[in-house]
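1. my questions concern the predicted model and sequence given below.
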Amino acid sequence: MDRIFSGMQPTRQLHLGNYLGALRNWVALQDRFESIFCIVDLHALTLPQDPAVLLSNTREVAAAYIAAGIDPERCVIFNQSAVAQHAELSWILSCHAPLGWLNRMTQFKDKAGKHRENAVLGLYAYPVLMAADILIYKATHVPVGEDQKQHLELARDIAGAFNRHYAVDYFPQPEPQILGEATRVMSLRDGTKKMSKSDESDYSRINLTDDADAIAQKIRKAKTDPEPLPDTLEALEKRPEADNLVTIYAALEGSGRQQALDRFAGQTFSTFKSALVDLSVARLGPITAEMRRLMSDPAEIDRILRRGADKAGDMAARHLGELKDIIGLLRLR
Ligand code: AQP
């Protein structure tokens with residue numbers, strides 16, 4: 001059976017982009033793949049974190065996975081720092097990743113911004129740790145949003161470089177799975193910017209913890225233009241904010257953007273936004289309620305993560321042992 005690996009950072013609350021671009025696809029894929037879903041807490045350290053908030057966010061992301069429909073009986077769910085082999089393989093892979101490849105990563109440039117010299121090494125090395133997360137399980141498929149495509153290409157390049165260097169066929173080439181209608185959900189305040197946890201405006205995103213009132217307020221305040229909705233995709237593509245809202249609608253409904261346009265063409269944004277509020281609340285409300293229920297019993301979340309970490313740790317230790325034999329690192333028995 002093919003194996004998928006994917007993860008999310010426990011930095012602030014998950015949002016609609018995380019859900020539509022990744023999490024919802026994981027739920028659909030768990031029936032067809034051996035599935036490993038991680039809460040990548042080591043990645044979160046690439047930006048400053050409050051220890052208490054990081055802990056609570058880690059459990060909250062686990063709750064979101066389960067509330068969205070990931071079955072902890074069938075899938076492995078755990079937090080990255082509980083399996084030490086991720087960090088160990090990251091070091092090994094960093095010795096096979098030329099700086100030129102890392103210098104091309106646009107996310108580092110975006111996140112480091114103008115103060116590049118002050119950015120920490122971990123932020124720069126993030127894609128190598130991500131490659132290790134995937135390759136330690138020899139995952140064959142990685143379902144992510146579009147923004148992670150470049151990092152995944154790097155993981156494939158690193159896997160290839162390792163195999164060539166040691167003349168082995170050890171790592172598979174992990175295939176990106178960028179699925180669904182909403183592979184890149186945009187900010188509600190600016191249709192040219194990705195919806196993101198780190199955007200300072202909470203009105204830019206719908207969080208999975210938002211209640212019905214908050215969702216309604218955010219959608220009503222979402223930036224739009226004065227024209228009614230068009231009837232063709234071509235006309236929609238020139239209007240980033242309208243395109244984003246229609247894409248969200250289509251993704252939540254499980255239809256396509258053209259089908260949404262067939263229904264709302266010629267109507268005003270106020271009519272369309274009301275329908276989008278209703279649909280968003282109907283789809284996200286049950287997830288939010290289940291997350292709240294799960295978060296009321298953190299010990300149960302920890303038990304699920306412990307079980308997952310044990311299973312993931314067994315596989316990771318076995319693979320790392322094989323890798324050490326390939327590399328020539330002495331394994332004392
Ligand atoms: N706007 C988005 N649209 C579609 N997919 C998205 N993803 C993130 N934002 C969108 C996908 O969600 C998964 C987990 O992402 P992450 O938590 O590891 O980190 P991220 O991509 O850095 O998410 P954010 O919200 O943008 O966080 P910050 O602001 O901290 O950088 C990934 O599969 C990602 O593609």
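-> Yes, it's here. In this text, all values refer to a predicted model and were calculated from it rather than measured experimentally.
2. can you pull the pLDDT of the residue in the stretch 201-333 of the chain that the ligand sits nearest to?
-> Going by Cβ to the nearest ligand atom, the ligand is nearest to residue 205 of the stretch 201-333 of the chain, at 7.7 Å. To be clear about C-beta, it is placed using only N, CA and C from the backbone, and glycine gets the same treatment. Confidence at residue 205, expressed as pLDDT, is 98.
3. what about it, how many residues close to it?
-> By the criterion of other Cβ atoms under 10 Å, residue 205 has 26 neighbours.
4. report the separation between the closest residue to it other than its chain neighbours and residue 63.
-> Closest residue to residue 205 apart from its sequence neighbours, by Cβ to Cβ, 6 or more residues apart in numbering: residue 15 at 4.1 Å. Counting by Cβ to Cβ, to the nearest Å, the gap from residue 15 to residue 63 is 15 Å.
5. pretty sure the residue nearest to residue 205 sits against residue 208.
-> Yes - look at residue 15 against residue 208 with Cβ atoms under 8 Å: they come within range, at 6.8 Å.
6. before we move on, the earlier item: look up phi and psi at the residue of the stretch 201-333 of the chain closest to the ligand.
-> Backbone torsions of residue 205, given as degrees, to the nearest 10, read phi -140, psi 160.
7. with the one 10 residues further on instead?
-> In this entry, residue 215 is assigned phi and psi values of phi -60, psi -50 (degrees, to the nearest 10).
8. for it, what are its contacts?
-> By Cβ atoms under 8 Å, 6 or more residues apart in numbering, the contact set of residue 215 is 206, 277, 280, 281, 284.
9. before we move on, the earlier item: residue 15 and residue 63: which is more packed in?
-> residue 63 (26 against 23).
10. so that one is in which element?
-> helix 51-68 (DSSP states H and E).
11. same check on residue 7?
-> Using DSSP H and E, residue 7 falls in strand 3-8.
12. quick one: average pLDDT of that strand?
-> Mean predicted confidence for strand 3-8 is 98.
13. so is it next to the ligand?
-> Yes - applying Cβ under 6 Å from any ligand atom, one finds strand 3-8 touching the ligand at residue 8.
14. and the helix or strand following that strand, what's buried?
-> Downstream of strand 3-8, the next assigned helix or strand under DSSP H and E is helix 16-18. Neighbour counts over helix 16-18 (16 or more other Cβ atoms under 10 Å) mark 16, 17, 18 as buried.
15. now, which of those sits nearest the ligand?
-> Set against the ligand, the nearest of these by Cβ to the nearest ligand atom is residue 17 (2.6 Å).
16. check what pLDDT the closest one gets.
-> 97.
17. can you name the residues that contact residue 94?
-> Counted by Cβ under 8 Å, 6+ apart, residue 94 has contacts 125, 128.
18. which helix or strand contains residue 198?
-> Following DSSP H and E, there is no helix or strand that holds residue 198.
19. could you count how many residues lie near it?
-> Residues near residue 198, counting by other Cβ under 10 Å, number 10.
20. do residue 306 as well
-> 12.
21. in terms of helices and strands, where is it?
-> helix 298-327.
22. ok, back up a step: helices or strands next to the strand holding residue 7 in the packing?
-> helix 24-29, strand 34-39, helix 121-135, strand 141-143 (3 or more Cβ pairs under 8 Å, 6 or more residues apart in numbering; DSSP states H and E).
23. change it to 7 Å
-> Here strand 3-8 touches strand 34-39, helix 121-135, strand 141-143, going by 3 or more Cβ pairs under 7 Å, 6 or more residues apart in numbering; DSSP states H and E.
24. neighbours of residue 224, how many?
-> 19.
25. what's next to the helix or strand of the chain with the lowest mean pLDDT, contact-wise?
-> Taking mean pLDDT, DSSP states H and E as the measure, the chain has helix 106-112 as its least confident helix or strand, at a mean of 92. Helix 106-112 has contacts (Cβ atoms under 7 Å, 6 or more residues apart in numbering) with 119, 123, 124, 150.
26. for the residues you listed, which one is nearest residue 234?
-> Of all those, residue 234 sits closest to residue 150, with 27.7 Å by Cβ to Cβ.
27. distance-wise, check that closest one relative to residue 302.
-> Relative to residue 302, and taking Cβ to Cβ, residue 150 is found at 34 Å.
28. can you check residue 163 too?
-> Taken as Cβ to Cβ, the span from residue 163 to residue 302 is 37 Å.
29. whatever residue of the stretch 51-200 of the chain ends up closest to the ligand: what's its closest spatial neighbour, skipping adjacent residues?
-> The minimum distance from the stretch 51-200 of the chain to the ligand, using Cβ to the nearest ligand atom, falls at residue 145 (2.3 Å). Nearest in space to residue 145, with sequence neighbours left out and distances taken as Cβ to Cβ, 6+ apart, is residue 21 at 3.0 Å.
30. of all the helices and strands packed on strand 3-8, which lies closest to residue 311?
-> Once the helices and strands packed on strand 3-8 are compared by Cβ to Cβ, strand 34-39 is nearest, at 8.5 Å.
31. is the ligand contacted by that closest one?
-> No - Strand 34-39 lies out of reach of the ligand by Cβ under 6 Å from any ligand atom, never closer than 9.4 Å.
32. one step back: dump the residue contacts of the residue nearest to residue 205.
-> By Cβ under 7 Å, 6+ apart, the residues touching residue 15 are 195, 197, 205, 206, 207, 208.
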